[in-house]
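# Predicted structure and sequence below. I'll ask about it afterward.
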Amino acid sequence: MKSTTPEYPRWEAVGRTMAESRQSQSNRSQAVLAEALFWFKAVRQFREAELSEIILREPGPRDLRFHRAYLAQIIAAGEQVAMLGDLNGLPENPEGITLEAIQAELESLYHTQVGYHGGMSAERKKQILQEVFGEPQPPA
């Protein structure tokens, strides 16, 4: 009669643990991919709103506040996705989402942030130039 206990129980336990680890890693990578897909969807919606509310018409203060707030949230979420992708990897996917694509989109969002909300106001630039050079400067 054949025994029902494994012949190599310790080795089989190691094999099961390794299989679980591979599955867990795969699950983490798939979860990061899912987050990246949602993030890119949010970026697309943000860009559509930006086009209609900021670029194609004169934005009001409230539009600029929404733009700044949602832009900051999208950048933060993108940094989170990039970090998780760096830690867990991203599986090959038909959408072509890679860490490089996430990073490129983040760079674009950072440029948007500086272009609309960063830097120095024209008034402040004029004030500094006047303080430094002692006379009014032509507009930049």
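Structure received. Numbers count the residues shown, from 1 in each chain.
# From here on, just use CA atoms for contacts and neighbour counts.
OK.
# So, low pLDDT: which residues of the protein?
Applying pLDDT under 70 to the chain picks out residues 1-6, 17-18, 21-23, 25, 119-122, 124-125, 128-129, 135-140.
# Could you identify the longest helix within it?
Longest helix of the chain, by residue count under DSSP state H: helix 9-50.
# Find out how far that one is from the centre of the chain, if you would.
Taking C-alpha atoms, centre = their mean, to the nearest Å, one finds the center of helix 9-50 at 16 Å from the center of the full chain.
# could you say what helices and strands that helix packs with?
With contacts taken as 3 or more C-alpha pairs under 8 Å, 6 or more residues apart in numbering; DSSP states H and E, helix 9-50 sits against helix 61-88.
# Could you check the angle the helix it packs on makes with helix 9-50?
160 degrees (axes from the mean of the first three to the mean of the last three C-alpha atoms, to 10 degrees).
# Output the contacting helices and strands for helix 61-88.
For helix 61-88, the packing partners by 3+ C-alpha pairs under 8 Å, 6+ apart are helix 9-50, helix 99-117.
# which residues are contacting the last one?
In other words, helix 99-117. With contact meaning C-alpha atoms under 8 Å, 6 or more residues apart in numbering, helix 99-117 is reached by 36, 68, 71, 75, 78-79, 82, 85-86, 90.
# can you state the direction angle for it and helix 61-88?
160 degrees.
# Could I get the CA-only coordinates of helix 99-117 as CSV?
Presented in CSV, the C-alpha positions along helix 99-117 are these (Å, rounded to 0.1, in the frame of the first residue of the first chain):
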residue,chain,number,x,y,z
LEU,A,99,7.1,52.6,-16.3
GLU,A,100,8.6,54.8,-18.9
ALA,A,101,5.1,55.8,-20.2
ILE,A,102,4.0,56.7,-16.7
GLN,A,103,7.2,58.7,-16.1
ALA,A,104,6.8,60.6,-19.4
GLU,A,105,3.2,61.5,-18.5
LEU,A,106,4.3,62.7,-15.1
GLU,A,107,6.9,64.9,-16.7
SER,A,108,4.2,66.4,-18.9
LEU,A,109,1.9,67.0,-15.9
TYR,A,110,4.8,68.7,-14.0
HIS,A,111,5.4,71.0,-17.0
THR,A,112,1.7,71.8,-17.0
GLN,A,113,1.8,72.6,-13.3
VAL,A,114,4.8,75.0,-13.7
GLY,A,115,3.2,76.6,-16.8
TYR,A,116,-0.1,77.4,-15.2
HIS,A,117,0.6,77.6,-11.5
